[in-house]
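Participant: missing the sequence, but the structure's below:
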C-alpha cells in the first residue's frame, strides 16, 4: 500500500501552471529528502523511502508524489494504520517550525505524557509535540530541505504552499508570512530528562558564583550546577561546613542530549534536602 502526497504551489507567479525548471527540480529533490528523514524517524534508520513523480497538475502548480517504503517491512508499516505515518509527522513538523519561527527553542522538556515534549519558543509560547517531530526539526538535512522547497519559494513570490495526502485528505498550508521560519534549527536533541532524589558525595565545593560543584554518585564523578539559592546563601554566610566524605541529599535534574560529537549529560542540583556529615547514617526518606 502506498501513500500519495501532493506538493502544491499557489500564487500569481504560478497561476498558469508554470514554474522555473531548475527551481522545480530543486524543490522536488528537497521535498524527497524531507520525506526521507520523516520515513527514517517513523519507521527506523533501515527504512528507505522511494518517491516517484506521479504527475503535474495545472491547478496553480501541483506535484504529486507516490511514496513507498522499500524492504520487507513496507507492507506491515503501511497496513497497521499507525498514527506515526508520513503525513501526520509532516504536518506536525511544519507546525513546530512555524512555532519556533526560525529561532532555537528556549527549552524542550518531556511532558507528563512520556510520548510528548513541551517546546517553548523564544517568546515564551509552548506547544506539545511527539518525539518524532523533535527528531525531524532538529535534523540538519530536514532543515535544509524545508528551506529549499518552502522558505525560498515563499520569500520569492509564492503566496502559499500546501502539502496534502491524496489518500487521507489531511493537509497543511503554509503562508508566505512564515517564510523565515523554515530554516535549519541549530539545537541539541533532547534524549532524556529525569529528576530524582539522590545522595551525592561532595568532592569539590565551589564558593564562586556561577561555577559548578564536583560530586560523585558512587560510580562516577561529575560537575553540576547548584541552583538552590537558600542553600547557597547558607554556604556564603558560613553556615555550611564541609568535610571529606560529606553527602548531600538532593533533587538532581539530569538532562541527556545528543550533540554532533555524541552524547552529553548536564546535571543540576535543584534542591539540597539534607547535608549529612561523613559517618552519619544516610536515609532517603
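Facilitator: Done, it's in. A quick note: this is a predicted structure, and the numbers were derived from the prediction, not measured.

Participant: Is it correct that residue 142 is in contact with residue 32?
Facilitator: No. With contacts counted by C-beta atoms under 8 Å, residue 142 stays clear of residue 32, the gap being 11.7 Å. (Each C-beta comes from the backbone N, C-alpha and C, glycine too.)

Participant: residues contacting residue 122?
Facilitator: By C-beta atoms under 8 Å, 6 or more residues apart in numbering, the contact set of residue 122 is 100-101, 103-106.

Participant: From the residues you listed, list the buried ones, please.
Facilitator: 100, 105 (16 or more other C-beta atoms under 10 Å).

Participant: Restricted to helices, list the contacts of residue 122.
Facilitator: Residues of those located in helices (DSSP state H): residue 100.

Participant: Identify the farthest-apart pair in the contacts of residue 122.
Facilitator: Across the contacts of residue 122, the longest distance by C-beta to C-beta is 12.0 Å; it joins 101 and 106.

Participant: so what sits against both of the two?
Facilitator: Joint contacts of residue 101 and residue 106 (C-beta under 8 Å, 6+ apart) are 121-122.

Participant: Could you report the separation of the residue lying closest to residue 137 once chain neighbours are set aside from residue 133?
Facilitator: Once flanking residues are discounted, residue 137 sits nearest to residue 96: 5.1 Å by C-beta to C-beta, 6 or more residues apart in numbering. To residue 133, residue 96 is 5 Å away according to C-beta to C-beta, to the nearest Å.

Participant: one step back: model confidence over the host helix or strand of the residue nearest to residue 137, on average?
Facilitator: Element membership of residue 96 [criterion: DSSP states H and E] is helix 86-100. Helix 86-100 shows an average pLDDT of 92 in the prediction.

Participant: hang on, the earlier thing: higher neighbour count, residue 96 and residue 133?
Facilitator: It is residue 133, of residue 96 and residue 133, that has more neighbours when counted by other C-beta atoms under 10 Å, with 26 against 23.

Participant: ok now do that one, which residues does it touch?
Facilitator: Residue 133 neighbours (C-beta under 8 Å, 6+ apart): 89, 92-93, 96.

Participant: again, but for residue 240
Facilitator: Neighbouring residues of residue 240 by C-beta under 8 Å, 6+ apart: 231, 234, 275.

Participant: got a winner among those for most neighbours?
Facilitator: Going by other C-beta under 10 Å, residue 231 tops the contacts of residue 240 with 19 neighbours.

Participant: any idea how far residue 271 is from that one?
Facilitator: Residue 231 is 8 Å from residue 271, by C-beta to C-beta.

Participant: Then residue 19?
Facilitator: Using C-beta to C-beta, one obtains 59 Å as the distance from residue 19 to residue 271.

Participant: which other residues reach whichever strand or helix holds residue 253?
Facilitator: Using DSSP H and E, residue 253 maps to strand 247-259. By C-beta under 8 Å, 6+ apart, the surrounding residues in contact with strand 247-259 are 188-202, 215, 224, 228, 263-276, 278, 280, 282, 284.

Participant: what about 6 Å?
Facilitator: Strand 247-259 is contacted by residues 188-201, 264-276, 282 when judged by C-beta atoms under 6 Å, 6 or more residues apart in numbering.

Participant: now, which of those residues lie within strands?
Facilitator: Judged by DSSP state E, the subset of those located in strands is 189-201, 264-276.

Participant: Emit the PyMOL select command for whichever of those residues are buried.
Facilitator: To isolate the buried members of the ones in strands among the contacts of strand 247-259 in PyMOL, using 16+ other C-beta under 10 Å:
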select buried, resi 189+190+193+198+199+200+201+266+267+268+269+271+272+275
